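Visitor: The sequence and its predicted three-dimensional model are supplied below.
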Amino acid sequence: MTNTMVDRKTAPEFKAIEHINLIKPEKKTLANGSEIFCFNSGDQELVRIEWVFTNLRFDPVKPLLNMATNSMLTDGTATLTAAEIADKVDFYGAFLSVDYGFEQSLVTLYSLTKHLGKTLPVVKDILTNSVFPQKELETFIRNQQQKLQVSLQKNDVVARRTFNKALYGNTIYGLTAELDTFNTLQRDDLLAHFKQMYQPSNCSIIIAGKVDADTLDLLADEFGSGWGNAATAADTTQPVIDRAAEHFYFIEKPEALQSAIRMGLPLINREHPDFPAVQVLNTVLGGYFGSRLMNNIREDKGYTYGIGSGITSHKQGGALFIATEVGADVCKAATIEIEKEVNRLKTDLVPDEELSLVRNYMLGSLLGSLENVFSHADKFKNLYFSGMDYAYYDRYAQVVKTVTADELLKLANRYLDFDQFYKVIVGKY
Amino acid sequence: MVKFNRFILDNGLRVIVHEDNTTPMAVVNILYDVGSRDENPEQTGFAHLFEHLMFGGSVNIPNYDGPLQQVGGENNAFTSNDITNYYITLPSANLETAFWLESDRMLNLAFGEKSLEVQRAVVIEEFKQRYLNQPYGDVWLRLRPMVYKKHPYLWDTIGKNIAHIENAKIEDVKAFFKKHYNPQNAIMVVGGDVKLEQVKELAQKWFGPIPAGEKYNRDLPQEPEQHEVRRETVTAKVPVNDVYIALQMPGRREEAFYAVELMADILSRGNSSRMYRNLVKDRQLFSEVHAYVFGSLDKGMFVLEGKPTAGVTIEEAEAAIWSEVELLKTQEVPADELTKVQNKTESTMIFSEMSLLDKAMNLAYFELLGDAELFNNETRRFLAVTPAQIKEEANKLFRKDNSSTLIYLAE
């Protein structure tokens, strides 16, 4: 056997990603108005089913209703106690969770398909018969208050809350509950909220996994009948965002070893044609391990364990944010470096080599994010709840492949004015 | 059921191949059989600091991350008390890039003083962020030395203190590499859209020429059985009181491990669990409770934790936790309740097969335990546990003189 020396200095040849296949759902509308989107793929005999409800209009006087109603769905129905709900779900090895988001609230069931006959009726009961028992509500309030006390001692949490409040004002996005806020929760309000929000015409059901005709029939039978709409449709409009005039917030913690920094500004959302290119810009800045912020502030200066930037997209617009926790003694130095990196995007063209790397990284990352059928369903949710279609991902891939350094420079100048950034520091400065 | 093939290179590198053609991606996972338990007691935190340095460039490749990102790949790594694990996911068409990168850093590193200096600073910030600047963040720095008196599990992976990291010298780090980072000390799993023959060829080409290195013979002091009550109370800047009770438990390879892990599930997994239902919901003594195990290769830790609600004394809180575990000692778990936690374990295993990276990491870990095939036997072993075994293990485990109790009192 010959043992030729392998050339370790030269990278092996590689191929660019040409095509990304997304699985698209089949859609079915039930008689009561709820919609089922079905993703059928995979070898394992299991499914994930999500019931997605759009949140009701934010009420500043009762700001926690969307969150509390969702969180307490598993706490009791007219026929099942919280304990019985948990028993039934756990016995069949299923997972039932409730998740509250800014725009939608979810109920998610992971179940082996063979047990759906037992697990689906529990979800049906929750969505049609929840009663929010008074005692459970008191427990919920007390435990939430204690968790909040712990969270409020974390600088990064305080920074995020302060940032959201400044950026989004008194809306569902800017909500920063205090301990007292939980005392506004009343059982009657939860019941009324539940009836308005959790109705079929405000529900999209998304099923992913091994979905055969029998499974789909079972789902349609369970949720297509015996679940009627309320007299009035859910009001899912939201008040207009009212941003703070003050752009700088310093919350001093004299004993802090590290300071949390969070800064950023309002931006376009996914629906805007510039959005994919702005995502490229964000990736260059702080969107991956090799980003400029990481390279400079972690890998060169050693100021932090991690720093990154991201873009959020809401119905009423998006935002760019940068977040990190840095040594308290280097906080000022770190903010100066962040500013430099933001401004460099506006003055210097992104070099070809870096841009090529970012393109390939982003396409690989998109491909890699499609790990299984659940991920395909997640991609669909991103589109559907932004009111967009699959053409978005085609365009996204196209823009990532072709956007020029010149265009990125123009976008940086259009969107990233550091003086307009909201800046929050918690710790020492 | 996760299918795989296995082969060993002449230099001792074990390679496992799991073909999964439902994905366009490939995973390369390399487990090095070295963790913080292998550190010198005067130089703790090294295995983890070292993991950071592995990204600082290798003998022929000055920058590790760039070339990988260039081909659409991502990577990360973690260090535990037992292992150091590195993983890459990338489009399968570019699989060879992963072999090129990983083989070069197994061959030799090339980091300099600057790289060491920066990563020391980064790790110190990690120390502050995760352990010092968080309420209860230092719990493992306090609890481990109570549970372990001899075994190197007595320090956390981050290290005993910041000074050990500050004092790390380049020659110490190099010696650590030579001792642990060689083919016979590693297990590589290649999974996803790959073919066995292709992996054999690439493994031979890139890893075959790496010298086997010297065999590291692990000889760690074993932890003696505990026969005393240990407790510590700290008054700290935390918002609410917190009770931690840690008990020595069987290691990951022992048969008893399975019954003990199911006990943790019975106590606190999900909303139907005993501690959640009795202590949080019914008696309202805690705002949250947890029971979990550290599945360490050597003697592990079983942890019971709870944050008492306002007005509940520490004595009441501790007594309530002990009353739940006493029940496990005196009464057999009802068959339905055991079936419930076993069903949950079984479905968790099936769900974990949806993730390629999880499968790859598990195959590597079970190969380290002795045989990757053990991964496929896990469910069966959990399902075989009987109520009588649970009662027996509960009696061995839940002794006051096997406990270390750490109390946080809010200032």
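Guide: That came through fine. Numbering: from 1, shown residues only, chains lettered A, B, ... in the order given.

Visitor: From here on, just use CA atoms for contacts and neighbour counts.
Guide: OK.

Visitor: can you list the residues of the stretch 101-250 of chain B near chain A?
Guide: Neighbours of chain A within the stretch 101-250 of chain B, by Cα under 8 Å from any Cα of the partner chain: B:104, B:118-123, B:125-126, B:128-129, B:132-135, B:205-206, B:238-240.

Visitor: do that again at 10 Å, thanks
Guide: Residues of the stretch 101-250 of chain B lying close to chain A by Cα under 10 Å from any Cα of the partner chain are B:101, B:103-104, B:114-115, B:117-130, B:132-136, B:205-206, B:208-209, B:237-240.

Visitor: And the strands in the stretch 101-250 of chain A, which stretches?
Guide: Taking DSSP state E, counting those that start in this stretch as the test, the strands found in the stretch 101-250 of chain A are A:104-112, A:203-209, A:248-252.

Visitor: Tell me what angle the second one forms with strand A:104-112.
Guide: Direction vectors for strand A:203-209 and strand A:104-112, defined by axes from the mean of the first three to the mean of the last three Cα atoms, to 10 degrees, enclose an angle of 30 degrees.

Visitor: centre of the chain versus the helix or strand hosting A:Glu407, how much separation?
Guide: Secondary structure assignment for A:Glu407, by DSSP states H and E: helix A:405-415. Centroid separation for helix A:405-415 versus its chain: 26 Å, with Cα atoms, centre = their mean, to the nearest Å.

Visitor: would B:Leu31 count as being in a strand?
Guide: Yes. Secondary structure of B:Leu31 (DSSP: H, G, I helix; E, B strand; the rest coil): part of a strand.

Visitor: Next up, the contacts around the residue nearest to it when sequence neighbours are not counted.
Guide: Counting by Cα to Cα, 6 or more residues apart in numbering or on different chains, B:Leu31 lies nearest to B:Asn85, which is 4.4 Å off, once chain neighbours are set aside. Shown in contact with B:Asn85 (Cα atoms under 10 Å, 6 or more residues apart in numbering or on different chains): B:29-35, B:51, B:76-79, B:186-188, B:361, B:364-365.

Visitor: Can you read off the backbone torsions of the residue nearest the centre of chain A?
Guide: The residue lying closest to the centre of chain A (Cα atoms, centre = their mean) is A:Gly101, at 7.2 Å. The phi/psi pair for A:Gly101 (degrees, to the nearest 10) reads phi -120, psi 170.

Visitor: Wait, it touches A:Asn66, no?
Guide: Yes. If you go by Cα atoms under 10 Å, A:Gly101 and A:Asn66 touch, sitting 9.0 Å apart.

Visitor: any residues in contact with both of those two?
Guide: Shared contacts of A:Gly101 and A:Asn66 (Cα under 10 Å, 6+ apart): A:Thr54, A:Asn55, A:Ile172.

Visitor: Now for A:Asn66, which secondary structure element holds it?
Guide: Under the criterion of DSSP H and E, A:Asn66 resides in helix A:65-71.

Visitor: pLDDT averaged over that helix - what is it?
Guide: Taken as a whole, helix A:65-71 has a mean pLDDT of 98.

Visitor: Quick one: mean pLDDT over the following helix or strand past that helix.
Guide: Next helix or strand after helix A:65-71 toward the C-terminus (DSSP H and E): helix A:82-91. Mean pLDDT, helix A:82-91: 94.

Visitor: which residue packs closest to residue 349, ignoring adjacent ones?
Guide: Going with chain A. Nearest in space to A:Leu349, with sequence neighbours left out and distances taken as Cα to Cα, 6+ apart, is A:Ala405 at 5.5 Å.

Visitor: not quite, I wanted chain B
Guide: The shortest distance from B:Met349 to any non-neighbouring residue, by Cα to Cα, 6+ apart, is to B:Thr379 (7.2 Å).

Visitor: That neighbour: which element?
Guide: Under the assignment here (DSSP H and E), B:Thr379 is part of helix B:374-383.

Visitor: ok, and what's touching that helix?
Guide: Taking Cα under 10 Å, 6+ apart as the rule, helix B:374-383 contacts B:1-3, B:255, B:257-259, B:261-262, B:338-339, B:341-343, B:345-350, B:359, B:362-367, B:369.

Visitor: So which of the residues you listed sit within helices?
Guide: Those of those mapping onto helices are B:257-259, B:261-262, B:338-339, B:341-343, B:345-350, B:359, B:362-367, B:369, per DSSP state H.

Visitor: if we can go back for a sec, which strands or helices does the helix holding A:Asn66 pack on?
Guide: Judged by 3 or more Cα pairs under 10 Å, 6 or more residues apart in numbering or on different chains; DSSP states H and E, the packing partners of helix A:65-71 are strand A:95-100, strand A:104-112, helix A:134-151, helix A:187-197.

Visitor: what's the closest of these to chain B?
Guide: Taking Cα to the nearest Cα, helix A:134-151 is the member of the helices and strands packed on helix A:65-71 nearest to chain B, at 4.8 Å.

Visitor: got the residues of the stretch 201-350 of chain A near chain B?
Guide: Contacts of the stretch 201-350 of chain A with chain B, taken as Cα under 10 Å from any Cα, map to A:209, A:255-260, A:288-290, A:297-306, A:325-328.

Visitor: Adding neighbour count, write the shared contacts of A:Gly101 and A:Asn66 out as TSV.
Guide: Compiled in TSV, those are given as follows (neighbours: other Cα atoms under 10 Å in any protein chain shown):
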residue	neighbour count
A:Thr54	22
A:Asn55	28
A:Ile172	26
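
Visitor: Restrict stretch B:179-189 to CA atoms and write it as CSV.
Guide: Output in CSV follows, covering the C-alpha atoms of stretch B:179-189 (Å, rounded to 0.1, in the frame of the first residue of the first chain):
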residue,chain,number,x,y,z
LYS,B,179,-1.4,13.4,26.7
HIS,B,180,-5.1,13.3,25.7
TYR,B,181,-5.6,14.4,22.1
ASN,B,182,-4.6,11.4,20.1
PRO,B,183,-6.4,8.9,17.9
GLN,B,184,-6.6,6.1,20.4
ASN,B,185,-8.2,8.4,22.8
ALA,B,186,-11.0,9.5,20.4
ILE,B,187,-14.2,8.3,18.9
MET,B,188,-15.5,9.7,15.7
VAL,B,189,-19.1,9.4,14.5
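
Visitor: Could I get the average pLDDT for it?
Guide: Stretch B:179-189 carries an average pLDDT of 96.

Visitor: Could you do stretch B:48-60 as well?
Guide: In this model, stretch B:48-60 carries a mean pLDDT of 91.

Visitor: Could you confirm whether any residue of the helix or strand hosting B:Pro67 contacts chain A?
Guide: If you go by DSSP H and E, B:Pro67 is part of helix B:65-70. Yes. Helix B:65-70 lies within reach of chain A by Cα under 10 Å from any Cα, at B:Asp65, B:Gly66, B:Pro67, B:Leu68, B:Gln69, B:Gln70.

Visitor: Okay, buried residues for that helix please.
Guide: Buried residues in helix B:65-70, counted by 16 or more other Cα atoms under 10 Å in any protein chain shown: B:Asp65, B:Gly66, B:Pro67, B:Leu68, B:Gln69, B:Gln70.

Visitor: Which other helices and strands does that helix contact?
Guide: When contacts are defined as 3+ Cα pairs under 10 Å, 6+ apart, helix B:65-70 sits against helix A:352-368, strand B:74-79, strand B:84-91, helix B:95-107.

Visitor: residues in contact with residue 219?
Guide: In the absence of a named chain, this looks at chain A. Shown in contact with A:Leu219 (Cα under 10 Å, 6+ apart): A:Ile36, A:Ile49, A:Leu116, A:Gly117, A:Leu120, A:Pro121, A:Lys124, A:Ile205, A:Ile207, A:Ala213.

Visitor: Can you look at chain B instead?
Guide: Taking Cα under 10 Å, 6+ apart, we find B:Asp219 in contact with B:Asp38.
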